[in-house]
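Peer 1: Mind folding the following:
(chains A and B)
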2 protein chains.
Amino acid sequence: MYGLIGKITARPGQREALVNILLEGSADMPGCLSYIVSNDSEHDEVIWVTEIWESKEHHQASLSLPPVKEAMSRGRPLIAAFDEQIELNPVGGHGLASPATP
Amino acid sequence: MYGLIGKITARPGQREALVNILLEGSADMPGCLSYIVSNDSEHDEVIWVTEIWESKEHHQASLSLPPVKEAMSRGRPLIAAFDEQIELNPVGGHGLASPATP
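Peer 2: Residues are numbered from 1 along each chain as shown, chains lettered A, B, ... in the order given. Sure thing, here's the model as predicted:
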């Protein structure tokens, strides 16, 4: 498995729109076991995206999916900064979708 | 929904044991939609725990569950530091378990 925690700061007033774009773009990604978009409780413009993938290659491949590319191009103007990205080796847990990929 | 991202540093050589304790202690928690334990890819002693709950109250109540209390008392000596805890308002995504709580 492969995971990412990403912190994104939206431009002022754009967080909700950006969250919706991220959710729309990530609805159907092969090899994605978990993809959750959250608002930071304390900071008004901050979004956290937590992602768990079957492999790093599945994540890499997702960046070429048309809905993902389309979401990235719609979302980019709403982003003030990519603040942090943490790479993870997930060990286990609860709430991982079943693999549904060839 | 309510979420947490937590960064924990294990004492040297204790990360694997601590991850196992965290996973054992979190197997059956009412209102928990996702609980994933990951190793940091870059830092040998660092663990990230990402949690999504139906509500903040469900998370709070989980701290009183006997398996969670037992895991906390077994895990505490293996922890060097709780480095960070970020509170989230999850909006949506993929890989959330179905609610199964009264």
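
Peer 1: name the element the closest residue in space to A:Arg11 that isn't next to it in sequence belongs to?
Peer 2: Nearest residue to A:Arg11 in three dimensions, chain neighbours excluded: A:Ala80, at 4.9 Å (C-beta to C-beta, 6 or more residues apart in numbering or on different chains). Where C-beta positions appear, they are placed from N, C-alpha and C, glycine not excepted. Using DSSP states H and E, the element containing A:Ala80 is strand A:79-94.

Peer 1: That strand - contacts with which helices or strands?
Peer 2: strand A:2-10, strand A:46-53, helix B:15-25, strand B:32-40 (3 or more C-beta pairs under 8 Å, 6 or more residues apart in numbering or on different chains; DSSP states H and E).

Peer 1: interface residues of chain A facing chain B?
Peer 2: When proximity is defined by C-beta under 8 Å from any C-beta of the partner chain, chain A lies next to chain B at A:3, A:5, A:19, A:23, A:26-27, A:29, A:32-42, A:48, A:50, A:52, A:86-97.

Peer 1: ok so, going back, redo the helices and strands packed on strand A:79-94 as a markdown table? Include distance to B:Arg76 and mean neighbour count.
Peer 2: What follows is those, written out as a markdown table (distance: least, C-beta to C-beta, whole Å; neighbours: other C-beta atoms under 10 Å in any protein chain shown):
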| stretch | distance to B:Arg76 | mean neighbour count |
| --- | --- | --- |
| strand A:2-10 | 24 | 20 |
| strand A:46-53 | 25 | 24 |
| helix B:15-25 | 10 | 19 |
| strand B:32-40 | 16 | 24 |
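
Peer 1: could you say which helix or strand contains A:Gln60?
Peer 2: If you go by DSSP H and E, A:Gln60 is part of helix A:56-62.

Peer 1: Export only the CA atoms of that helix, formatted as CSV.
Peer 2: The C-alpha coordinates for helix A:56-62 follow below in CSV (Å, rounded to 0.1, in the frame of the first residue of the first chain):
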residue,chain,number,x,y,z
LYS,A,56,2.5,4.0,-5.6
GLU,A,57,2.1,3.1,-9.3
HIS,A,58,-1.7,3.3,-8.9
HIS,A,59,-1.4,6.8,-7.5
GLN,A,60,0.9,7.8,-10.3
ALA,A,61,-1.4,6.4,-12.9
SER,A,62,-4.4,8.3,-11.5
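
Peer 1: Once you drop chain neighbours, what's closest to the residue sitting nearest the centre point of chain A?
Peer 2: What sits nearest the mean C-alpha location of chain A, by C-alpha atoms, centre = their mean, is A:Val49, with 4.5 Å. Among residues not flanking A:Val49 along the chain, A:Gly6 sits closest, at 4.5 Å (C-beta to C-beta, 6+ apart).

Peer 1: likewise A:Ile36?
Peer 2: Looking at A:Ile36 with C-beta to C-beta, 6+ apart, the closest residue is B:Gly93, at 3.7 Å.

Peer 1: if I pick that neighbour, what's in contact with it?
Peer 2: The contact partners of B:Gly93, by C-beta atoms under 8 Å, 6 or more residues apart in numbering or on different chains, come to A:Leu23, A:Ser26, A:Ser34, A:Tyr35, A:Ile36, A:Val37.
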